[in-house]
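Chemist: What would the 3D arrangement of this be:
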Amino acid sequence: MNLYRLLIVYDPIITMDFTKIKQLIGSDLINAGETIKESLSSECFLLNDINEYLLNLKGKQIRPVLALLSAKASGKITDLSLHCAIVSEMIHTATLLHDDVADNSDSRRGSPTVKALFSPASSVLTGDFWLAKALSLVSKSNDMRALIFFANAITELAEGELFQLQKASTLDTTEEDYIIIVTKKTSSLFMAAIGSAVYSSGADELTIERMVQYAYHLGIAFQIRDDIFDYMPDLDTGKKAGSDIREKKITLPLIYALANSPQAERQKMIEFISSTASEDDDLPAKTLDFVRQYNGLALAQNVLDTYIDKAIELLDSAVPDSRYKEELISITHYIGNRDI
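Modeler: Numbering: from 1, shown residues only. Modelled structure (predicted):
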């Protein structure tokens with residue numbers, strides 16, 4: 001077992017000081033922010049207003065932080081590393097702008113969405129603009145492999161969202177279907193961010209492969225935890241509990257609860273979800289009771305923990321011990337147990 005894993009003690013619910021981590025890669029992260037602002041500049045006043053609003057909503061910036069730490073842990077940060085980190089955040093923002101329209105969301109993490117403040121069309125078109133600018137930025141490097149990382153991720157993101165919509169209409173999502181969806185809609189961008197950054201650092205092929213697999217497992221864990229939040233109304237996560245089931249999305253906690261229930265109860269629950277209107281408050285309430293009754297949350301968290309353990313194992317084997325690796329391990333544990 002790696003020394004860092006022995007030295008770090010974790011609470012059941014982890015809080016993390018991202019300010020401290022960002023200080024470790026401070027100048028690189030500041031440069032990334034400035035590059036994003038420059039690349040998004042436009043002659044359209046409306047677009048500039050929307051961009052300013054979005055840039056002021058600074059979150060944890062998990063993907064660029066992971067990208068830059070991974071580059072540092074694997075070799076060194078280059079101009080291409082910086083661009084890869086930036087592009088991962090720009091693509092992530094673009095997908096959120098699109099998702100808010102698809103999900104008819106008026107708030108995200110406690111702040112109004114662009115869709116609510118401006119219009120649905122503004123949100124979609126701004127998302128398109130960010131996506132185009134992201135690909136333009138990475139293409140300036142003239143590095144085809146870096147571009148392929150993100151082109152593949154964008155393809156996977158679209159397919160994952162559409163596959164989830166398909167399954168929402170049939171209500172027959174299996175655990176295998178769920179992992180496919182999560183791999184495409186979440187892990188794909190983690191893999192592109194970390195994989196491209198490690199490649200840009202000058203790492204060898206084995207390191208790149210192991211870090212991409214680290215990112216794959218980390219991304220799945222991240223999404224499982226996010227889906228668990230949908231059944232935890234007492235947590236102030238910024239995400240309204242019950243939103244997934246209102247959209248008829250069957251995620252891992254419900255998949256396990258259904259598998260754990262008697263056939264008659266399972267069929268009754270599926271029929272209830274199918275026949276109940278999305279705006280009916282009984283839908284999330286009864287589904288939450290069902291998930292709790294049949295232990296769906298604990299079972300989903302157990303699976304999440306196996307993905308975290310595998311991610312740590314891959315990280316241990318991929319890069320040498322360093323302060324950057326230590327922070328990657330800390331973030332990995334945080335992602336598996338975070339409460340926001």
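Chemist: drop to CA atoms for contacts and neighbour counts, all remaining ones
Modeler: Noted.
Chemist: List the buried residues for the strand or helix carrying Glu159?
Modeler: Taking DSSP states H and E as the criterion, the element that holds Glu159 is helix 144-170. Neighbour counts over helix 144-170 (16 or more other CA atoms under 10 Å) mark 146-147, 149-150, 153-154, 156-157, 159-161, 163-164, 167-168 as buried.
Chemist: and of the residues you listed, the nearest to Asp289?
Modeler: Nearest to Asp289 among the buried residues of helix 144-170 is Ala168, at 20.2 Å by CA to CA.
Chemist: you'd agree that closest one is up against Glu247?
Modeler: Yes. With contact defined as CA atoms under 8 Å, Ala168 reaches Glu247; the gap is 7.3 Å.
Chemist: which residues in the stretch 101-250 of the chain form strands?
Modeler: 107-108, 111-112 (DSSP state E, counting those that start in this stretch).
Chemist: For those strands, state which one has the densest average packing.
Modeler: strand 107-108 (a mean of 16; mean count of other CA atoms under 10 Å).
Chemist: strand partners of it, parallel vs antiparallel please.
Modeler: According to DSSP bridges, strand 107-108 forms sheet pairs with strand 111-112 (antiparallel).
Chemist: shaky segments in the protein?
Modeler: 1-19, 235-239, 340 (pLDDT under 70).
Chemist: Need the residue in it that's farthest from the chain's center.
Modeler: Largest separation from the mean C-alpha position in the chain: Ala264, at 35.1 Å (CA atoms, centre = their mean).
Chemist: mind listing what it touches?
Modeler: By CA atoms under 8 Å, 6 or more residues apart in numbering, Ala264 lies in contact with nothing.
Chemist: Quick one: closest of the strands of the stretch 101-250 of the chain to Asp321.
Modeler: Nearest of the strands of the stretch 101-250 of the chain to Asp321, taken as CA to CA: strand 107-108 at 36.9 Å.
Chemist: chain center to the closest one: distance?
Modeler: Here the centre of strand 107-108 is set off from its chain's centre by 16 Å, with CA atoms, centre = their mean, to the nearest Å.
Chemist: what does stretch 219-231 give?
Modeler: 9 Å.
Chemist: again with stretch 27-46
Modeler: In this view, stretch 27-46 has its centroid 22 Å away from the chain centroid, taken as CA atoms, centre = their mean.
Chemist: Could you count how many residues lie near Ser42?
Modeler: Ser42 has 11 neighbours, counted by other CA atoms under 10 Å.
Chemist: can you tell me the helix or strand for the residue nearest to it when sequence neighbours are not counted?
Modeler: Closest residue to Ser42 apart from its sequence neighbours, by CA to CA, 6 or more residues apart in numbering: Asn48 at 6.3 Å. Using DSSP H and E, Asn48 falls within helix 45-56.
Chemist: hmm, who's touching that helix?
Modeler: 37, 40-42, 114, 126.
Chemist: so which of those residues is the most crowded?
Modeler: Going by other CA under 10 Å, Val114 tops the contacts of helix 45-56 with 26 neighbours.
Chemist: before we move on, back to that, just checking the distance from the one helix or strand the residue farthest from the centre of the chain maps to to the centre of its chain.
Modeler: According to DSSP H and E, Ala264 maps onto helix 263-275. Centroid separation for helix 263-275 versus its chain: 30 Å, with CA atoms, centre = their mean.
Chemist: What spatial separation is found between Ala71 and Ala168?
Modeler: Per CA to CA, to the nearest Å, Ala71 is found 38 Å from Ala168.
Chemist: list the buried ones in stretch 246-260?
Modeler: The neighbour-count criterion (16+ other CA under 10 Å) identifies 246, 248-258, 260 as the buried residues of stretch 246-260.
Chemist: Perfect, I'm done here.
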